[in-house]
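Build the 3D model from these lines:
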Amino acid sequence: MNILHVKYAVEVAKLGSLNKASESLCIALPNISRSIKELEADLNITIFERSSKGVSLTPQGEGFLNYAKNILAQIDQLENLYKENSANKQKFSISVPRACYISEAFAQFSKELGYGEAEIFYKETNSQRTITNISEYEYKLGIIRYADNYDKYFKSMLEEKGFEYEMVAEFNYRLIMSKNNPLAKLDEITFDDLVGYIEIAHADPYVPSLPLAKVKKEELPDNIDRRIFVFERGSQFDLLSENYETFMWVSPAPQKVLDRYGLVQKECVDNKKIYKDMLIYKKGYRLTRLDKRFIEKLCEAKRKYL
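Numbering: from 1, shown residues only. Predicted coordinates:
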């Protein structure tokens with residue numbers, strides 16, 4: 001049984017005419033008539049008697065109408081209840097790359113939510129998934145990360161998909177590792193120095209519409225034979241602190257995070273590639289108070305750590 005068909009039937013009974021119900025609901029007359037017939041067939045009853053003067057309720061129709069009015073009234077109450085609650089609820093959703101300065105911004109942002117109802121979503125993932133989360137799901141904001149050589153490709157793709165975008169940060173990747181890793185003692189680190197060590201890598205380094213093999217070749221140096229792919233950033237830090245053979249490429253990390261896990265941060269003289277973090281959202285979307293507050297914290301974290 002289609003609830004819209006029930007609404008149509010109640011309106012027809014109220015006005016005593018299919019034509020008047022059609023005008024009232026702004027629904028084409030054939031559609032109204034077909035909906036009533038489908039409803040009657042679904043319930044196996046005759047709701048209306050048709051005549052040249054219009055329509056009238058059958059005894060079965062009168063019983064149906066009593067139930068239908070009660071059901072529609074309860075639906076209205078349910079909708080109003082959650083719409084009222086929703087109007088007062090703070091909502092925020094963002095999909096981001098795994099980055100210490102972004103998670104720091106989110107932590108500071110979370111302190112200012114206050115005591116009202118709040119529904120907050122923070123998803124760490126790759127650029128492809130971030131774009132999908134905004135395009136197809138309920139996420140409102142996203143931050144995507146890509147190498148500078150993909151800049152034209154990404155901007156063209158974002159414009160094609162109807163996204164607004166603005167750059168948040170531009171940086172070179174750093175190396176982080178345990179302070180007990182032999183690499184930590186080197187004054188200068190090259191790609192060749194990384195040979196024999198284990199790279200902790202994000203498990204989803206995808207670029208939309210590009211072959212994964214090409215992306216891996218672009219993003220990950222070919223001279224590393226051992227890699228552990230991990231999705232969850234906390235586990236990555238645990239591995240780095242416990243396994244002295246591991247290292248990871250990251251955007252610049254706050255010293256307090258490094259101290260927490262017993263890590264050090266080093267530059268690699270061979271790594272000249274520039275990366276960009278880009279804030280994105282759908283064109284026409286109006287930033288909320290919470291959105292603007294998070295962006296403020298994001299800019300503060302960028303100035304402080306990058």
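
so where's the stretch 101-250 of the chain shaky on pLDDT?
Applying pLDDT under 70 to the stretch 101-250 of the chain flags the ranges 203-222.

And the strands in it?
118-124, 141-147, 163-172, 174-178, 198-202, 226-230, 246-250 (DSSP state E, counting those that start in this stretch).

Return the list of strands paired to the first one, each annotated with direction.
Listed by DSSP bridges, the sheet partners of strand 118-124 and their directions read strand 90-96 (parallel).

Let me know which of the strands of the stretch 101-250 of the chain is the nearest to residue 97.
Evaluated over the strands of the stretch 101-250 of the chain, closeness to residue 97 peaks at strand 141-147, with 4.2 Å, by CB to CB. (C-beta placed from N, C-alpha, C; glycine too.)

Please dump the strands of the stretch 101-250 of the chain into JSON lines; it should also carry distance to residue 132 and mean neighbour count for every row.
Output for the strands of the stretch 101-250 of the chain, formatted as JSON lines (distance: least, CB to CB, whole Å; neighbours: other CB atoms under 10 Å):
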{"stretch": "strand 118-124", "distance to residue 132": "11", "mean neighbour count": "15"}
{"stretch": "strand 141-147", "distance to residue 132": "10", "mean neighbour count": "23"}
{"stretch": "strand 163-172", "distance to residue 132": "12", "mean neighbour count": "16"}
{"stretch": "strand 174-178", "distance to residue 132": "29", "mean neighbour count": "23"}
{"stretch": "strand 198-202", "distance to residue 132": "17", "mean neighbour count": "20"}
{"stretch": "strand 226-230", "distance to residue 132": "20", "mean neighbour count": "14"}
{"stretch": "strand 246-250", "distance to residue 132": "24", "mean neighbour count": "23"}
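
what's the closest of the ones you listed to residue 90?
strand 118-124 (4.2 Å).

Partner strands of the host helix or strand of residue 265 and their direction?
Residue 265 is part of strand 263-266, with elements assigned from DSSP states H and E. Here strand 263-266 has these sheet partners by DSSP bridges: strand 174-178 (antiparallel).

Columns distance to residue 79 on top of the strands of the stretch 101-250 of the chain, output as JSON lines?
JSON lines is the format used below for the strands of the stretch 101-250 of the chain (distance: least, CB to CB, whole Å):
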{"stretch": "strand 118-124", "distance to residue 79": "18"}
{"stretch": "strand 141-147", "distance to residue 79": "27"}
{"stretch": "strand 163-172", "distance to residue 79": "31"}
{"stretch": "strand 174-178", "distance to residue 79": "50"}
{"stretch": "strand 198-202", "distance to residue 79": "42"}
{"stretch": "strand 226-230", "distance to residue 79": "43"}
{"stretch": "strand 246-250", "distance to residue 79": "46"}
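
So residue 278, which state does it fall into?
strand (DSSP: H, G, I helix; E, B strand; the rest coil).

That one reaches residue 141, doesn't it?
No - Residue 278 is beyond contact range of residue 141, at 11.4 Å (criterion: CB atoms under 8 Å).

who wins for proximity to residue 306 among the strands of the stretch 101-250 of the chain?
Per CB to CB, nearest to residue 306 of those: strand 163-172, 5.3 Å.

Can you tell me the strand partners of that closest one and which way each runs?
strand 274-282 (antiparallel).

Compute the distance from the centre of the next helix or strand along the chain from the strand it pairs with to the centre of its chain.
Per DSSP H and E, strand 274-282 leads on to helix 289-305 as the next helix or strand towards the C-terminus. A distance of 18 Å separates the centroid of the chain from that of helix 289-305, by CA atoms, centre = their mean, to the nearest Å.

helices or strands up against helix 289-305?
Identification of packing neighbours for helix 289-305 by 3 or more CB pairs under 8 Å, 6 or more residues apart in numbering; DSSP states H and E yields strand 90-96, helix 100-110, strand 163-172.

any chance of the ones you listed in JSON lines, with distance to residue 283 too?
Below are the helices and strands packed on helix 289-305 laid out as JSON lines (distance: least, CB to CB, whole Å):
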{"stretch": "strand 90-96", "distance to residue 283": "17"}
{"stretch": "helix 100-110", "distance to residue 283": "23"}
{"stretch": "strand 163-172", "distance to residue 283": "5"}
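
right, and those - which one's nearest residue 14?
Nearest to residue 14, of the helices and strands packed on helix 289-305 and by CB to CB, is strand 90-96 at 36.8 Å.

Return the set of buried residues in the closest one.
92-96 (16 or more other CB atoms under 10 Å).
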